[in-house]
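**Student:** Structure for the following, please:
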Amino acid sequence: MILDSGRWFWLATGSIAVALLYVLAPILTPFLAAAFLAYLGDPLVDRLESWKLSRTLSVVVVFVTIFLLLLLFFLFLVPVLETQTKLFINKVPNYLDWVVNVLGPYLNQKFGVDTSVLEIEQIKNVIATHWKETGGFIRNAIQTISKSGFVVLGWVANLALIPIITFYLLRDWDRMVAYIDDLLPRAIEPLMAKLARESDEVLGAFLRGQLLVMLALAVIYSIGLSLVGLEFALLIGLIAGVVSFVPYLGLIVGVAIAGIAILFQTQDVFDLFWVFAVFGVAQMIEGTILTPLLVGERIGLHPVTVIFAVLAGGQLFGFFGVLLALPVAAVLAVIMRHIHDTYKQSDIYSIDNPEPLGEIDLDDGSNEVKEQA
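**Tutor:** As a prediction, this is how the structure comes out:
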């Protein structure tokens, strides 16, 4: 087998690739971000091509759509989120006072809980001195990158490179895939092509399917909570939608935060019913429409795998590692599934193994006991 005879070649190639990724991580970030956007947009380009549009025109349409959406996000959604975050942080001391003055006597009388151990005043002082500064996302980002002229130039260069690289990757995506396939040794090409297709299905099921479900849920939560009259509907809806890639976590986190917020805002227990109704309707829409339509029966990355991959990538390579985490996790998941299937079909696992070690040990032991008897 080529893989057996050339194992040192593949080991050296993999080691060099990992070393280069580690060393070049700072400059590879815009390339990986552009590849991420191109990967998301390539199916749309192929769909437009099937409608008799040229590849270049299809790329232009998808490219403009992607970056218009990103521009709208940063121009409108980020300032609104920043405003809601500031308002929420400013109201946290009032929420703490409500806990002490309203819930405190009830908890003390019914459960013997002494709210003085929470040191509410110290918590309020910490919020007043530190947390208010965290609300200015845009201001803090500008202050951070403006400390050095080289940092500013680096950020500007990266932001300018991402759309340029994305456009060229979208235009040449199919040709690059065909070129890489042509470079593979013919003996392993069928296996590598199979693993690549399965990796694409796993990663696509999460990125193109689950991310759309998360976005749709965030919109539904935000609209529903705003209709209920919750002040921080957009912020809470976005948080619940983002964490919904873990089954039921978005529901639990959203209901908890929205329920507490509505109690603080209206101090009416019956308003909790409307919060439950919003999340109940959203879960019904997700189960009957969103997941079957956008994800279907495809098997994506397990939520725990996603969490571990993102944290591990960030720890090892920083922001570049966060971007690299999901593709690597998808490939590793497919490889581990292939290894599992190969093991289940091997003689080591098979019941037809001519020398089952467990039976040999048991027989030898029983024979010795009989001879001693």
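**Student:** Let me know the pLDDT of Ala141.
**Tutor:** Model confidence at Ala141, expressed as pLDDT, equals 55.
**Student:** If you could redo that for Phe63, that was the one I meant.
**Tutor:** Looking at Phe63, the pLDDT reads 92.
**Student:** Might one say that Ala309 is in contact with Leu326?
**Tutor:** Yes. With contact defined as Cβ atoms under 8 Å, Ala309 counts as touching Leu326 (6.3 Å). Where you see a C-beta, it was placed from the backbone N, CA and C, and this is true even at glycine.
**Student:** Compare neighbour counts for those two and give me the winner.
**Tutor:** Just comparing Ala309 and Leu326: by other Cβ atoms under 10 Å the higher neighbour count belongs to Ala309, 23 against 20.
**Student:** Check the gap between that one and Asp341 for me.
**Tutor:** For Ala309, the distance to Asp341 (Cβ to Cβ, to the nearest Å) stands at 22 Å.
**Student:** can you map out the helices along the stretch 1-150 of the chain?
**Tutor:** In the stretch 1-150 of the chain, the helices defined using DSSP state H, counting those that start in this stretch lie at 2-5, 7-50, 55-72, 78-98, 104-111, 120-129, 137-145, 149-183.
**Student:** Between these, which one is closest to Val213.
**Tutor:** helix 7-50 (14.5 Å; Cβ to Cβ).
**Student:** Against which helices or strands is the closest one packed?
**Tutor:** In this structure, helix 7-50 makes packing contacts with helix 55-72, helix 149-183, helix 303-317, helix 319-344, judged by 3 or more Cβ pairs under 8 Å, 6 or more residues apart in numbering; DSSP states H and E.
**Student:** Give the buried residues for the first one.
**Tutor:** Just to be clear, that refers to helix 55-72. Using 16 or more other Cβ atoms under 10 Å as the test for burial, helix 55-72 gives Arg55, Ser58, Val59, Val60, Val62, Phe63, Ile66.
**Student:** same check, this time on the second one
**Tutor:** Judged by neighbour count (16+ other Cβ under 10 Å), helix 149-183 contains these buried residues: Gly154, Leu161, Ile162, Ile165, Thr166, Phe167, Leu169, Leu170, Arg171, Trp173.
**Student:** ok, back up a step: nearest approach to Gly280 belongs to which of the helices of the stretch 1-150 of the chain?
**Tutor:** helix 78-98 (23.9 Å).
**Student:** What residues sit buried inside that closest one?
**Tutor:** Buried-residue list, helix 78-98, by 16+ other Cβ under 10 Å: Leu81, Glu82, Gln84, Thr85, Phe88, Ile89, Lys91, Val92, Pro93, Leu96.
**Student:** Nearest residue to the first one in space, please, no chain neighbours.
**Tutor:** Right, the one you point to is Leu81. Leu235 (6.1 Å; Cβ to Cβ, 6 or more residues apart in numbering).
**Student:** Could you tell me which other helices and strands whichever helix or strand that neighbour is part of packs against?
**Tutor:** In the assignment (DSSP states H and E), Leu235 maps to helix 233-242. When contacts are defined as 3+ Cβ pairs under 8 Å, 6+ apart, helix 233-242 packs onto helix 78-98, helix 211-228, helix 249-266.
**Student:** switch the cut-off to 10 Å
**Tutor:** Using 3 or more Cβ pairs under 10 Å, 6 or more residues apart in numbering; DSSP states H and E as the contact test, the elements touching helix 233-242 are helix 78-98, helix 211-228, helix 249-266, helix 272-285.
**Student:** Distance from the last one to the middle of the chain?
**Tutor:** Yep, that's helix 272-285 we're talking about. 24 Å (Cα atoms, centre = their mean, to the nearest Å).
**Student:** Buried residues of it, list them for me.
**Tutor:** Leu272, Trp274, Val275, Val278, Phe279, Ala282, Gln283.
**Student:** Where does pLDDT dip in the stretch 251-373 of the chain?
**Tutor:** Applying pLDDT under 70 to the stretch 251-373 of the chain flags residues 295-300, 351-373.
**Student:** closest one to Gln109 among the helices and strands packed on helix 7-50?
**Tutor:** helix 303-317 (40.4 Å).
**Student:** which residues touch the residue nearest to Leu81?
**Tutor:** Counting by Cβ atoms under 10 Å, 6 or more residues apart in numbering, Leu235 makes contact with Val80, Leu81, Glu82, Thr83, Gln84, Thr85, Leu87, Phe88, Ser222, Leu225, Ile257, Ala261.
**Student:** pLDDT score for the fifth one?
**Tutor:** According to the prediction, Gln84 has pLDDT 81.
**Student:** What distance do you get for it to Phe232?
**Tutor:** 5 Å.
**Student:** Between these two, which contacts overlap?
**Tutor:** Leu238.
**Student:** and of the buried residues of helix 272-285, the nearest to Val242?
**Tutor:** Among the buried residues of helix 272-285, and counting by Cβ to Cβ, the member closest to Val242 is Ala282, at 14.0 Å.
**Student:** what residues are up against the residue nearest the centre of the chain?
**Tutor:** The chain has Val306 as the residue nearest its centroid, 5.9 Å off, counting by Cα atoms, centre = their mean. When contacts are counted by Cβ under 10 Å, 6+ apart, Val306 is found next to Phe206, Gln210, Phe245, Val246, Gly300, Ala325, Leu326, Ala329, Ala330.
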